[in-house]
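**Q** mind looking at a prediction? Sequence and model below.
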Amino acid sequence: MSDTIIRHVVVPGTFDPVTLGHLDVIARTRRMFSQVTIGVAASLTKNGSGPHFSLEERTQMLRESIVELRIDKGVEIRPFSGLLMDLCRTIGADGVVKGLRAMTDFEYELQQADLNYRLAPEVESIFVMGSPRHGYISSSIVRELALMGGDVSFLVPACVKRRLDTLNEA
Ligand code: PNS
């Protein structure tokens, strides 16, 4: 077992789009670790047809969001395709942080953590509880609400809301 203190962690996700729930996890992770890399997964096979927003759009929304919320210090953004554990090894991260909102997340995350451990046992899986302030926000709920013309301003930063507003203009 390595006795290295964990300093650099990855907060991975599809971020389709990033929500205030994700950003809360990122901000709290930065309070615990000095270097945080947000890993934006290509997730090309997710939900059959892949993410709604392109990898570039999702990455750009994250860039603007961390600046808007002033949580960009010590936080980098890195798009990736392939395995999360390969990303961790490439950038020298020794932990992965994920947010948990409900028991359903736990079951899924347990499976992922188990697989990731088998792929790279030196990379620690760390979990933080979603803040009750944000409740159970999900990117798919945000997209659905936005497509139906609902107000999403309490779920996403202003820069993401502006992008979502254009969905209905198209
Ligand atoms: O926001 P999401 O879609 O719940 O994030 C899931 C994500 C991107 C963290 C997960 O799918 C992932 O790690 N993808 C990278 C590919 C990989 O490493 N798969 C094996 C781990 S189960």
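**A** Structure's in. What do you need? Numbers count the residues shown, from 1 in each chain.
**Q** alpha carbons only for contacts and neighbour counts from here, please
**A** Will do.
**Q** so for the biggest helix by length in the chain, mean pLDDT?
**A** Taking DSSP state H as the criterion, the chain has its longest helix at helix 103-119. The pLDDT scores in helix 103-119 average 94.
**Q** try stretch 142-160
**A** If you average the pLDDT over stretch 142-160, you get 96.
**Q** same question for stretch 79-96.
**A** Mean pLDDT, stretch 79-96: 98.
**Q** quick check, distance from that stretch to the centre of its chain.
**A** Chain-centre distance of stretch 79-96: 14 Å, with C-alpha atoms, centre = their mean, to the nearest Å.
**Q** and for stretch 67-85?
**A** Put simply, stretch 67-85 sits 8 Å off its chain's centre (C-alpha atoms, centre = their mean).
**Q** can you list the residues of this structure near the ligand?
**A** Neighbours of the ligand within the chain, by C-alpha under 6 Å from any ligand atom: 12, 13, 14, 15, 41, 82, 83, 84, 85, 112, 115, 116.
**Q** the helices in the protein, which residues?
**A** Counting by DSSP H, residue ranges of the helices within the chain are 20-32, 55-68, 84-91, 103-119, 139-147, 158-169.
**Q** give me the angle between the longest helix of the chain and helix 84-91.
**A** Angle of helix 103-119 versus helix 84-91, following axes from the mean of the first three to the mean of the last three C-alpha atoms, to 10 degrees, is 60 degrees.
**Q** packing partners for helix 103-119?
**A** strand 124-129 (3 or more C-alpha pairs under 8 Å, 6 or more residues apart in numbering; DSSP states H and E).
**Q** what's the strand it packs on in contact with?
**A** 25, 94, 95, 96, 97, 98, 99, 100, 101, 113, 117 (C-alpha atoms under 8 Å, 6 or more residues apart in numbering).
**Q** farthest-separated two in those?
**A** Distances among these were taken as C-alpha to C-alpha; the most separated pair is 94 and 101, at 23.4 Å.
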